[in-house]
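**Student:** model this:
(one chain, ligands or ions: 2)
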Amino acid sequence: MTEKSRAGVMACRALRPFGTSIFTEMTSLAMKSGAVNLSQGFPDFDGPDELKRAAAEAVWRGPNQYVPSAGLMPLRRALAGKMERFYGVELDPETQITVTSGASEGLAATLLGLLEPEDEVILLEPCYDLYAPIIMRAGARPVYVSLDHPGLGLPREGLEKAFNSRTRAIIINNPLNPSGKVFSDEELDFIGSLCGRFDALAIGDEVYEHLLYNGHSHKTLLAVPSLKDRCLVISSTAKTFSMTGWKVGWVMASPALSEAVRMCHQYLTFCTPGPFQEAMSLGISMGDGYFNELRESYTGKRELLCRALADLGLEVYWPEGTYYASINISGLDFADDLAFCRFLTTEVGVAAIPSSFFWQDRRGGRDLARFCFCKKDETLLEAVSRLRRWRG
Ligand code: PMP
Ligand code: GLN
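**Tutor:** Ligands and ions are numbered 1, 2, ... in the order given. Model prediction:
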């Protein structure tokens, strides 16, 4: 093979700068080091047994072949019911709900299905790592607007300046990974007014919609009057049912926007595994008790981890939503957040995520490290005891 052979080339130009995901890197370092893994956000416990049983039964009984591309009707109907029950939003499961393989595929199908080369998409920083590579793979351009630090307010003037005639969409991750911000009604209305003025779409990544604290309640973009017809709301069962590996997600939007998403989804995966869809139609239909208990359980875990970090003399940013908490590491004498997280993983035995990976200009988050608290209490207590040894 000559040096110029195309068979020897790495990923395409758009993806190359992003490298391997920080979640993969930190989880593999945690495993090698025997560290308690509070980096990549996945629970160390599984969701309800009855969902596992339903999935297993569905595997035995079928469907084990392709199911309809837009998703099994019982799941789509259950999702429509959930939107009505929790948010008072009415959706037609036939034309407005598309089941995807996780929120990840929902986001990809949305971005790849809608963007044209040269379009701009506004990203509010800090932001999740999936958006920019897919936007760039579509030939479009991410435009970054940083939230205020440390208050996480929406910089209204800066945001208004970022909108222009090329702006095709803005992505709003609410509640926000990694900071745990919950957007206020006023902020969402303001974003709605800008989207209307510039004829732009709003893409809501709402995967943490059921994990809110301190009396906060979730406002889906579909319930914002100015956004109702120009938004796509993406979510999944990963966090709500503690089954991150099942990859059952969805996109909800007007019939016209849903059609664009389906156009892409049919070529990406065509459909999502039927047995998991069937099981999750039960999950989505669970009573309020399930959702309340989930929130209560995470309220306790948040308190356990954040209080312990604070007791160790660390400056903690308590989240309003999500299952992540961050600390300020600027006083700890490390070169940056990556150096800190590598040290913590290999020397202290607790893995965390360096927050700078959520910023395009990594200086934005270099003073922060993110811990997840989606773990058994005993796992969190073990992490705390290791951190105490280090601090002591
Ligand atoms: N968006 C955000 C903000 C996330 O944190 C994650 C990770 N769970 C995803 C999307 C991807 O969700 P899924 O696992 O359902 O693909
Ligand atoms: N959403 C998870 C997190 O933020 C990571 C999921 C993934 O590994 N892509 O930790």
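**Student:** what residues are up against residue 139?
**Tutor:** 14, 115, 116, 117, 118 (C-beta atoms under 8 Å, 6 or more residues apart in numbering). For glycine as for every other residue, the C-beta is placed from the backbone atoms N, C-alpha and C.
**Student:** Buried members of these into ChimeraX, please.
**Tutor:** Remark: buried members of these, expressed as a ChimeraX selection using 16 or more other C-beta atoms under 10 Å:
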select :115
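**Student:** And the contacts of residue 139, which is closest to residue 227?
**Tutor:** For these, the residue nearest residue 227 by C-beta to C-beta is residue 115; the value is 18.4 Å.
**Student:** didn't the closest one look like it was pressed against residue 135?
**Tutor:** Yes: counting by C-beta atoms under 8 Å, residue 115 does reach residue 135; the two are 6.7 Å apart.
**Student:** which residues are common contacts for these two?
**Tutor:** With C-beta under 8 Å, 6+ apart as the test, residue 115 and residue 135 both reach residue 121.
**Student:** could the contacts of residue 139 go into a markdown table alongside pLDDT, secondary structure and distance to residue 8?
**Tutor:** Shown next, in a markdown table, are those (pLDDT from 0 to 100; DSSP: H, G, I helix; E, B strand; the rest coil; distance: C-beta to C-beta, whole Å):
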| residue | pLDDT | secondary structure | distance to residue 8 |
| --- | --- | --- | --- |
| 14 | 93 | coil | 19 |
| 115 | 98 | coil | 30 |
| 116 | 98 | coil | 32 |
| 117 | 96 | coil | 27 |
| 118 | 95 | coil | 31 |
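**Student:** from the contacts of residue 139, which single one is nearest residue 147?
**Tutor:** When the contacts of residue 139 are compared against residue 147 (criterion: C-beta to C-beta), the nearest one is residue 115, at 23.3 Å.
**Student:** so what's the one residue in the stretch 1-150 of the chain that gets nearest to ligand 1 up against?
**Tutor:** The nearest approach of the stretch 1-150 of the chain to ligand 1 comes at residue 102, 2.7 Å away (C-beta to the nearest ligand atom). If you count contacts by C-beta under 8 Å, 6+ apart, residue 102 has them with 236, 238, 247, 248, 249.
**Student:** Format those residues as JSON lines; extra columns: neighbour count, distance to ligand 2 and secondary structure.
**Tutor:** Listed next are the contacts of residue 102 as JSON lines, based on neighbours: other C-beta atoms under 10 Å; distance: C-beta to the nearest ligand atom, whole Å; DSSP: H, G, I helix; E, B strand; the rest coil:
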{"residue": "236", "neighbour count": "28", "distance to ligand 2": "10", "secondary structure": "strand"}
{"residue": "238", "neighbour count": "23", "distance to ligand 2": "8", "secondary structure": "coil"}
{"residue": "247", "neighbour count": "19", "distance to ligand 2": "11", "secondary structure": "coil"}
{"residue": "248", "neighbour count": "27", "distance to ligand 2": "15", "secondary structure": "coil"}
{"residue": "249", "neighbour count": "24", "distance to ligand 2": "12", "secondary structure": "strand"}
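**Student:** These also near ligand 1: which ones?
**Tutor:** 236, 238, 247, 249 (C-beta under 6 Å from any ligand atom).
**Student:** can you redo the residues you listed as TSV with pLDDT and distance to residue 179?
**Tutor:** Putting the ones next to ligand 1 among the contacts of residue 102 into TSV (pLDDT from 0 to 100; distance: C-beta to C-beta, whole Å) gives the following:
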residue	pLDDT	distance to residue 179
236	98	20
238	98	19
247	98	25
249	99	22
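**Student:** Show me which of the contacts of residue 102 is closest to residue 380.
**Tutor:** Nearest to residue 380 among the contacts of residue 102 is residue 238, at 19.8 Å by C-beta to C-beta.
**Student:** Quick check: that closest one vs residue 208, distance?
**Tutor:** Counting by C-beta to C-beta, to the nearest Å, the separation of residue 238 from residue 208 is 10 Å.
**Student:** Over to residue 131?
**Tutor:** From residue 131 to residue 208 the distance is 15 Å (C-beta to C-beta).
**Student:** Which residue of these two possesses the greater neighbour count?
**Tutor:** residue 208 (26 against 19; other C-beta atoms under 10 Å).
**Student:** can you pull the contacts of the more buried one?
**Tutor:** By C-beta under 8 Å, 6+ apart, residue 208 lies in contact with 174, 175, 177, 239, 321, 322, 323.
**Student:** filter those down to the ones close to ligand 2.
**Tutor:** residue 177.
**Student:** among the contacts of residue 208, which ones are buried?
**Tutor:** Among these, those buried by neighbour count (16+ other C-beta under 10 Å) are 174, 175, 177, 239, 321, 322, 323.
**Student:** Find the nearest non-adjacent residue to the second one, please.
**Tutor:** So that's residue 175. In this structure, residue 175 finds its nearest non-sequential neighbour in residue 321, 2.7 Å apart by C-beta to C-beta, 6 or more residues apart in numbering.
**Student:** Check the contact between residue 103 and residue 235; I expect there is one.
**Tutor:** Yes: applying C-beta under 8 Å, one finds residue 103 in contact with residue 235, separated by 6.0 Å.
**Student:** Relative to ligand 2, how far out is the residue lying closest to residue 165 once chain neighbours are set aside?
**Tutor:** Spatial nearest neighbour of residue 165, chain neighbours left out: residue 198 (7.0 Å); criterion: C-beta to C-beta, 6+ apart. In this view, residue 198 and ligand 2 are 30 Å apart by C-beta to the nearest ligand atom, to the nearest Å.
**Student:** how many neighbours does residue 198 have?
**Tutor:** Residue 198, neighbours per other C-beta under 10 Å, totals 17.
**Student:** May I have the residues that are in contact with it?
**Tutor:** 163, 164, 165, 167.
**Student:** Quick one, which of these are buried?
**Tutor:** Judged by 16+ other C-beta under 10 Å, buried ones among these: 163, 167.
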